[in-house]
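A.B. asks: sequence and predicted model, in that order:
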Amino acid sequence: MIGVEGLVRRFGSTVAVKGITFNVNDGEIYGLLGPNGSGKSTTMKILAGIIPPSGGRVVVNGIDVSRDPLRVKEVVGYVPETPLLYESLTPVEFFNFVGSVRGIPREELGERVETLVRAFGIERYLGETIGGLSFGTKQKISLISAMLHDPQVLILDEAMNGLDPKSARILRELLLGFKEEGKSIVFSTHVLALAETICDRVGVIYNGEIIAEGTVDELKEFAHEESLEDVFLKLTESQEEVAAIVGALREAF
Ligand SMILES: Nc1ncnc2c1ncn2[C@@H]1O[C@H](COP(=O)(O)OP(=O)(O)OP(=O)(O)O)[C@@H](O)[C@H]1O
């Protein structure tokens, strides 16, 4: 369970997050959708205990992120937008490192690594240094490392980035399984068709504020639109702008 109330985050004079409020229940996948620079990653970093809020209150599984960010990290699995890995290690060395930092018993760690490595099909890269691997393979390593301690809460920032269709399907099925187990999942994506199929509820964030929230069907009804993409463009005031740009491009080419 995640509770976010009046969350504010400033970077100097920039107010990246302007007092947002939302909850994510146990067994729920919450989609955080918004244009570039709207405050998604900043919000997710705060939920994961990576950066502190400037104001408001965030409680993750009963733990206040401002008071106890280290304990928050224990219950959260966080996948950043860009994988942050030790490039000179092999995936096996990296998973062992994560396992020891998190205090995961050796046998449990071995079993989880084996299951997830097989699921994402990266067995053949286990002995290579991470620095030489493709972006998609690094993303899979980042995902696996976030799941090794079996966290109750998953914060996934553009987690499908770089994944091939098979791995994207596997991740989707894994997330649906986690949801069944009662985990809370926050998921940001620019792929609205994906959000439509996976999220129980979505929050549309724009200029650091949540401007609409609900199930995909509720948002479609609210905006009188047929697809989540049209809802998104309408709410973020991009529909007319997109039409004007496309018109100009057609004239130019
Ligand atoms: N470390 C930082 N220092 C200064 N400004 C920052 C920092 N991190 C984020 N910002 C600013 O905060 C705002 C929100 O950024 P954020 O990365 O949260 O957006 P986002 O919705 O995740 O965007 P994208 O879809 O492009 O990943 C932007 O104006 C960004 O420039």
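C.D. replies: In hand now; what should we look at?

A.B. asks: what pLDDT does Tyr125 get?
C.D. replies: With respect to pLDDT, Tyr125 scores 97.

A.B. asks: wouldn't it be in contact with Pro91 here?
C.D. replies: Yes. Using CB atoms under 8 Å, Tyr125 makes contact with Pro91 at a distance of 6.1 Å. Backbone N, C-alpha and C define where each C-beta goes, glycine included.

A.B. asks: identify the contacts common to these two.
C.D. replies: Leu133 (CB atoms under 8 Å, 6 or more residues apart in numbering).

A.B. asks: so the two - more neighbours on which side?
C.D. replies: The residue with more neighbours, out of Tyr125 and Pro91, is Pro91; 25 against 20, by other CB atoms under 10 Å.

A.B. asks: residues touching the more buried one, list them.
C.D. replies: Contacts of Pro91 (CB under 8 Å, 6+ apart): 117, 122, 125-126, 128, 130, 133, 141.

A.B. asks: tell me which parts of this structure are close to the ligand?
C.D. replies: 11, 14, 16, 34, 36-42, 81 (CB under 6 Å from any ligand atom).

A.B. asks: buried ones among the residues you listed?
C.D. replies: Listed as buried from those are 16, 34, 38-42, 81; burial here means 16 or more other CB atoms under 10 Å.

A.B. asks: show me these that map onto strands.
C.D. replies: Ala16 (DSSP state E).

A.B. asks: so which of the buried ones among the residues of the chain next to the ligand are in helices?
C.D. replies: Within those, residues falling in helices by DSSP state H are 40-42.

A.B. asks: now flag whichever of those residues is closest to Thr137.
C.D. replies: The nearest member of those to Thr137, counting by CB to CB, is Ser41 at 22.1 Å.

A.B. asks: was I right about that closest one contacting Asp157?
C.D. replies: Yes. Ser41 is in contact with Asp157 according to CB under 8 Å; the separation is 5.5 Å.

A.B. asks: touching both of these two, which residues are there?
C.D. replies: Joint contacts of Ser41 and Asp157 (CB under 8 Å, 6+ apart) are 80-81, 188.

A.B. asks: need these in a markdown table with pLDDT and distance to Thr215, can you?
C.D. replies: What follows is these, written out as a markdown table (pLDDT from 0 to 100; distance: CB to CB, whole Å):
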| residue | pLDDT | distance to Thr215 |
| --- | --- | --- |
| Pro80 | 96 | 27 |
| Glu81 | 93 | 25 |
| Ser188 | 95 | 17 |
